[in-house]
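K.L.:
here's a sequence, model it:
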Amino acid sequence: MIRYNEKLIMICFLFAVSCCFSKEYNVLDFGAIGNGIHKDTQAVQKAIDTATKNGGGTVLIPAGKKVLVGTIFLKDFVTLHIENGAILLGSPYIKDYSDNTHKNMYKNEPHMDRCLIFADGVKSISIEGYGTIDGNGHPKNFNKETGRPMLIRFMNSTDIHIRDVQIINPAAWTSAFLYCNEIVVDGIKIHSRVNHNGDGLDFDGCSNVRVSNSSFNTSDDSICLQASQPDIPCKNVVITNCTFQSKWAGMRIGLLSRGNFESVTVSNCTFSDIDDTGLKIQMNEGGKMKNMVFSNLIMKNVPRPIFMTFAQQKACVDAPEEMYPMKSMRDFIFSNMVIDNRDLNKDAAIFITGITDHYIENITLSNIRMTVSGEGTVEDAKKTVLKEYTLDVLKNWWPEFHLIGTLPSYGIYARHIKGLYLDNIHLTTIKKDARLPIIFDDVIDGEVSNAYANRKPIANSSVKRNN
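P.N.:
Below is the predicted model:
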């Protein structure tokens, strides 16, 4: 009786093991060579197709192999597992990238329509493992004339997980998530410096997004939140425990902003050696933006730690002929920030601006310590007329800082705002600066408390003008 039970247990165990192994699909078993030279696109796609046909499973890129592919299509219930030491390598030839992978939603950029990994209308997909996805996006392979494929584009999909992988060398953006729901990104590393426009993670009209424990070194915005469709909001986004380096912005929210944005939190992150902006928040295509919290942030060598604009400009490829209305941009909290810009030039400040009669509303900045280089001149301090981000000024430009130039404040310049509250602000200049530390320009209901410049209290009345 005992022997019979032992035999039965062994049979059940072997059956369970065989079931588990049957759910793993090694691309080598489907004809992949994995030498980085032979094109393995068909083998990888066959493994994916077989996995989804059998109800799902893991498609394995094995350690020690360099699997060269053109466009592959992820499908329902498939996990693409790239083992430690394995590389999924993008083809260097644009002809190997499918032309039916939707499009880039920014105007004037059709050269970025193609992509390496694509999914549309699928559920429960993932990319995981400690291996590498290498887009092979060097300028010798891809440029504006030949086309520059993105690395990942997922759309209209739900339950997406990306974990632990290293993603490098995209020819354009690293990723674009369009109109997706339930996204988890955790423990990844993105390095996108070999070509320009190398965004990291772009979430367009996505909901319930969680990004954590990841690092970014990008040639363009590291994380973007966008809303290209008027009826599909970008909402419920949590970003935490990440590090950012970028030739442009650490985080951009908006610009592509036909839809609404709401409920975003960013916490426990560090930003270093950013060429343009730490937090770039821009509403300009007719949507509404509200309810965002940014806390516990460290920034070093970030020229504009916070740059917010409320304006009008068309960014979307599907923009209508008429200009968008201006709706609302409100309810933001920035707290517990340490900013060290002592090694930058004098154009390093927090800049928040609406335009005349179109105010950003309800902003709180608290517990902020910022060090800047100083050296603002008397001429800088006397500057009273700053350009507005109106259509005649913008023309075909995005609302970028260079259109304004040096600010008459070295710490915080706020313009066209209703409800601005500053508390426990400490500003320090390394060298003498003739400018004011804080300027309110057309700020309604603005208050400053516990603010200090070089350890001396800043009077509330001294920061207001043109009210």
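
K.L.:
you'd agree Lys144 is up against Met112?
P.N.:
No - between Lys144 and Met112 there is no contact under CB atoms under 8 Å: 9.0 Å. Glycine gets a C-beta too; all of them are placed from N, C-alpha and C.

K.L.:
who has more neighbours out of these two?
P.N.:
Met112 (24 against 14; other CB atoms under 10 Å).

K.L.:
and that one, what does it touch?
P.N.:
Met112 sits next to 104, 106, 147-150, 172-173, 197 when contact means CB atoms under 8 Å, 6 or more residues apart in numbering.

K.L.:
just the closest of these to Val209, please.
P.N.:
Using CB to CB, Trp173 is the member of the contacts of Met112 that lies nearest Val209, at 16.3 Å.

K.L.:
wait, that closest one touches His196, no?
P.N.:
No - look at Trp173 against His196 with CB under 8 Å: they stay out of range, at 10.7 Å.

K.L.:
what is in contact with these two at once?
P.N.:
Asp220.

K.L.:
which one of the two has more residues nearby?
P.N.:
The neighbour comparison of Trp173 against His196 (other CB under 10 Å) goes to Trp173, with 29 against 16.

K.L.:
give me the number of neighbouring residues for the closest residue to the more buried one other than its chain neighbours.
P.N.:
Of all residues not flanking Trp173 in the chain, Asp199 sits nearest, at 4.1 Å (CB to CB, 6 or more residues apart in numbering). By other CB under 10 Å, the residues close to Asp199 number 27.

K.L.:
next up, the contacts around Asp199.
P.N.:
172-175, 192, 218, 220-222, 224.

K.L.:
re earlier: top of the contacts of Met112 by neighbour count?
P.N.:
Each of those was scored by neighbour count (other CB under 10 Å); the top score is that of Pro149, with 31 neighbours.

K.L.:
how about that residue: what's its closest non-neighbour residue?
P.N.:
Arg114 (4.1 Å).

K.L.:
let me know the pLDDT of the one you found.
P.N.:
Arg114 is assigned 98 on the pLDDT scale.

K.L.:
tell me the contacts of it?
P.N.:
By CB under 8 Å, 6+ apart, the neighbours of Arg114 are 71, 94, 97-99, 101, 147, 149-150.

K.L.:
among these, which one sits closest to Val78?
P.N.:
Nearest to Val78, judged by CB to CB, of the contacts of Arg114 is Thr71 at 15.3 Å.

K.L.:
wait, doesn't that closest one sit right on Tyr97?
P.N.:
Yes - in this structure, Thr71 is within contact of Tyr97 by CB under 8 Å, at 4.9 Å.

K.L.:
residues in contact with the closest residue in space to Gly137 that isn't next to it in sequence?
P.N.:
Nearest residue to Gly137, sequence neighbours excluded (CB to CB, 6+ apart): Ala171, at 2.9 Å. Neighbouring residues of Ala171 by CB under 8 Å, 6+ apart: 90, 135-138, 141-142, 148-151, 194-195.

K.L.:
hmm, Asp221 and Thr198 touching each other?
P.N.:
Heads up, residue 198 is Gly, not Thr. No - judged on CB under 8 Å, Gly198 makes no contact with Asp221 at a distance of 9.1 Å.

K.L.:
quick check: neighbours shared by the two?
P.N.:
With CB under 8 Å, 6+ apart, Gly198 and Asp221 have no common neighbours.

K.L.:
and the residue most central in space within the chain, how far from Ser175?
P.N.:
The centroid of the chain falls nearest to Ile223 when counting by CA atoms, centre = their mean (1.0 Å). Separation of Ile223 from Ser175 (CB to CB, to the nearest Å): 10 Å.

K.L.:
now do the shared contacts for these two.
P.N.:
200-202.

K.L.:
adding secondary structure and distance to Glu321, write these out as CSV.
P.N.:
Output for these, formatted as CSV (DSSP: H, G, I helix; E, B strand; the rest coil; distance: CB to CB, whole Å):
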residue, secondary structure, distance to Glu321
Gly200, coil, 33
Leu201, strand, 32
Asp202, strand, 26
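
K.L.:
now the buried members of the residues you listed.
P.N.:
200-202 (16 or more other CB atoms under 10 Å).

K.L.:
just the residues you listed now: which is nearest Lys314?
P.N.:
Using CB to CB, Asp202 comes nearest to Lys314 of these, at 18.3 Å.

K.L.:
surely that closest one and Ala172 touch.
P.N.:
No - applying CB under 8 Å, one finds Asp202 not in contact with Ala172, separated by 10.6 Å.

K.L.:
looking at Thr71 and Tyr97, which is more packed in?
P.N.:
For Thr71 versus Tyr97, neighbours defined as other CB under 10 Å are more numerous around Tyr97 (24 against 21).

K.L.:
name the nearest residue to the more buried one, ignoring sequence neighbours.
P.N.:
In space, Tyr97 is closest to Arg114, 4.0 Å off (CB to CB, 6+ apart).

K.L.:
just the contacts of Arg114: which are in strands?
P.N.:
Met150 (DSSP state E).

K.L.:
show me where pLDDT drops low in the stretch 1-150 of the chain?
P.N.:
Within the stretch 1-150 of the chain, the stretches with pLDDT under 70 are 1-22.

K.L.:
returning to what we had before: how about TSV for the contacts of Ala171, with distance to Tyr410 added?
P.N.:
Formatted as TSV, those follow (distance: CB to CB, whole Å):
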residue	distance to Tyr410
Gly90	45
Gly135	40
Asn136	44
Gly137	39
His138	41
Asn141	44
Phe142	42
Arg148	39
Pro149	43
Met150	39
Leu151	40
Val194	36
Asn195	35
